[in-house]
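Undergrad: Prediction below, plus the sequence it came from.
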Amino acid sequence: MIGVGKTAIVGTVAMLSFALTSSPLSAQAAEPVVMMQDGGDYWSASAKSMVQGLDIPAAPAAVSLKIDELDLAIDGSTAAELNSGGHRFDVAATIAAARSEIGMSMPTGWDMPGECIAGAKRWIVAGGGAWTGSGTPVANYDGATRVDWADVSAGDIIQYTNIQAPSAWATGVHTLLITGTNGDGSFQIVEQNNPGGSGLVSANDNWRPTPPDGFEAVAWRF
């Protein structure tokens, strides 16, 4: 029997004592009842006789539920989101949106749809992600969680930022979407506006981070 706290033991003994003294059989229950002595489970013979023959319902069978069978929201997340590796959006829908644009070119420039971060944001939002930050390569990720490289997975965003001035839109800043991981440490990605100015959406199934000198690659998760 698994160990129980002292309070629980005292409460149990008190209830048993009440049952014995208030019962017509109390005269037969003169022996004390001791539970959990040195890890054992000891009952007096009279206490045992009182419970023998009672119709005590059996404990219910264990119930097992799979997250993907639930339609209810849990802590604000749907079942699909909880199955998305910690992402609070539908990763599959985001990747599908990104891949549907491969080969397309869009206008580039400030706040134009062909910019790399505009594409990444568009795809995350298509999956139901709450990408609400904006302004700089850092402020864009308000509400997101920074992820260690060892934990990067499909649905994460990679942002190249200037180490000395991470909030600056310096030449070399770039944004892309991770769509898969490979066994050799490389990644599958979809990105926009590479080469710069093209507004082109393209895929790379064997990508590794190669930020320019003075930059770092930071992984974010919505």
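TA: It's in.
Undergrad: which regions of this protein lie under the pLDDT threshold?
TA: Residues of the chain meeting the criterion pLDDT under 70: 1-85.
Undergrad: Got the domain ranges for it?
TA: Using automatic domain parsing, the domains assigned to the chain come out as 6-51, 87-221.
Undergrad: May I see these organised as a markdown table, with mean neighbour count added?
TA: In this view, the C-beta of every residue, glycine as well, is placed from N, C-alpha and C. A markdown table is the format used below for the domains of the chain (neighbours: other Cβ atoms under 10 Å):
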| stretch | mean neighbour count |
| --- | --- |
| domain 6-51 | 12 |
| domain 87-221 | 17 |
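Undergrad: so the residue lying closest to residue 188 once chain neighbours are set aside is in which element?
TA: Leaving out its chain neighbours, the residue that sits closest to residue 188 by Cβ to Cβ, 6 or more residues apart in numbering is residue 180, at 3.5 Å. Per DSSP states H and E: residue 180 is located in strand 174-181.
Undergrad: Could you export that strand as CSV, CA atoms only?
TA: Presented in CSV, the C-alpha positions along strand 174-181 are these (Å, rounded to 0.1, in the frame of the first residue of the first chain):
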residue,chain,number,x,y,z
HIS,A,174,16.6,37.6,-43.2
THR,A,175,13.5,35.5,-42.1
LEU,A,176,12.4,32.0,-43.0
LEU,A,177,10.1,29.2,-42.0
ILE,A,178,11.3,25.7,-40.9
THR,A,179,9.1,23.1,-42.6
GLY,A,180,11.0,20.0,-41.5
THR,A,181,14.1,18.5,-39.9
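Undergrad: List the strands paired with it, with their directions.
TA: If you go by DSSP bridges, strand 174-181 pairs up with strand 157-162 (antiparallel), strand 187-192 (antiparallel).
Undergrad: what's the burial count for residue 86?
TA: Number of residues near residue 86 (other Cβ atoms under 10 Å) recorded here: 16.
Undergrad: Quick check: it vs residue 171, distance?
TA: Residue 86 is 33 Å from residue 171, where distance means Cβ to Cβ, to the nearest Å.
Undergrad: mind listing the strands in the chain by residue range?
TA: 145-147, 157-162, 174-181, 187-192, 201-207, 215-221 (DSSP state E).
Undergrad: The fifth one vs strand 157-162, what angle?
TA: Note on geometry: by axes from the mean of the first three to the mean of the last three Cα atoms, to 10 degrees, strand 201-207 and strand 157-162 are set 90 degrees apart in direction.
Undergrad: for strand 201-207, packing partners?
TA: Helices and strands touching strand 201-207, as assessed by 3 or more Cβ pairs under 8 Å, 6 or more residues apart in numbering; DSSP states H and E, comprise strand 174-181, strand 187-192.
Undergrad: Pull stretch 187-194 out as PDB, backbone CA atoms only.
TA: C-alpha atoms of stretch 187-194 as PDB (Å, rounded to 0.1, in the frame of the first residue of the first chain):
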ATOM      1  CA  PHE A 187      16.500  21.600 -42.100                       C
ATOM      2  CA  GLN A 188      13.800  21.900 -44.700                       C
ATOM      3  CA  ILE A 189      12.600  25.500 -45.200                       C
ATOM      4  CA  VAL A 190      10.400  27.800 -47.200                       C
ATOM      5  CA  GLU A 191      11.600  31.400 -47.500                       C
ATOM      6  CA  GLN A 192      10.700  34.500 -49.400                       C
ATOM      7  CA  ASN A 193      12.800  37.200 -51.100                       C
ATOM      8  CA  ASN A 194      16.000  35.200 -51.600                       C
END
